[in-house]
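> pasting the structure only:
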């Protein structure tokens, strides 16, 4: 059995770090990114999804994505680890495989997990680079299941109501982490 864990907003509180990195990258194109707009309209979506909110060329979007990746590590001090969840996962790892399942890209995911010295904790890292349609698409969840050759019950820990709902339709047992709080997680 596998426990699939979302990264941004679930295992790591990356909202402020992502905002600051994107704000800096977008400022190079004279785009002023507000915090509330980013939090409400962009965070949790792939960069390709939310960059469509501006009339940008493909080259500009790619440049923004690359610049954001370059700036992101500068803002790691703003990232908080969900230690409650991490402690629960340490216990669960005795009985389950643990996989990151995120709409973030592979390189930044690997980098941030390495930075917090938790990369080796995970049996698999499944990122948006691995599947065609990001969460909450059914196809992304089916991909995660097939990649892990899971035939029994799987679990999802995520902060998105929509991801939880879609996972439930596919037979996942799901735990919703709201407001980056998971003090009493039990399966």
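That came in fine, so what should we check first? This structure is a prediction, so every number in the text was calculated from the model and none was measured.
> Who are the packing partners of the helix or strand of the chain with the lowest mean pLDDT?
In the chain, no helix or strand scores lower on mean pLDDT, DSSP states H and E than helix 47-50, which sits at a mean of 85. Helix 47-50 is packed against helix 58-72, with contacts defined by 3 or more Cβ pairs under 8 Å, 6 or more residues apart in numbering; DSSP states H and E. C-betas here are computed from N, CA, C, even on glycine.
> And for the very next helix or strand once past the helix it packs on, what's in contact with it?
If you walk from helix 58-72 toward the C-terminus, the next helix or strand you reach (DSSP states H and E) is strand 80-81. By Cβ atoms under 8 Å, 6 or more residues apart in numbering, the list of residues contacting strand 80-81 from outside reads 11-13, 116, 118, 180.
> Quick one: mark the members of the residues you listed that sit in helices.
For the contacts of strand 80-81, membership in helices holds for none, with DSSP state H as the criterion.
> Let me know the closest of these to residue 139.
Taking Cβ to Cβ as the measure, residue 139 sits nearest to residue 11 out of the contacts of strand 80-81, at 22.8 Å.
> For residue 68, see how far away residue 47 is.
Using Cβ to Cβ, to the nearest Å, residue 47 is found at 7 Å from residue 68.
> Kindly apply the preceding question to residue 58 instead.
Plainly put, residue 58 is 16 Å away from residue 68 if you go by Cβ to Cβ.
> Quick check: residue 2 touching residue 153?
No: judged on Cβ atoms under 8 Å, residue 2 makes no contact with residue 153 at a distance of 9.1 Å.
> So for these two, which sits in the more crowded spot?
Each of residue 2 and residue 153 has its neighbours counted (other Cβ atoms under 10 Å); residue 2 has more, 23 against 12.
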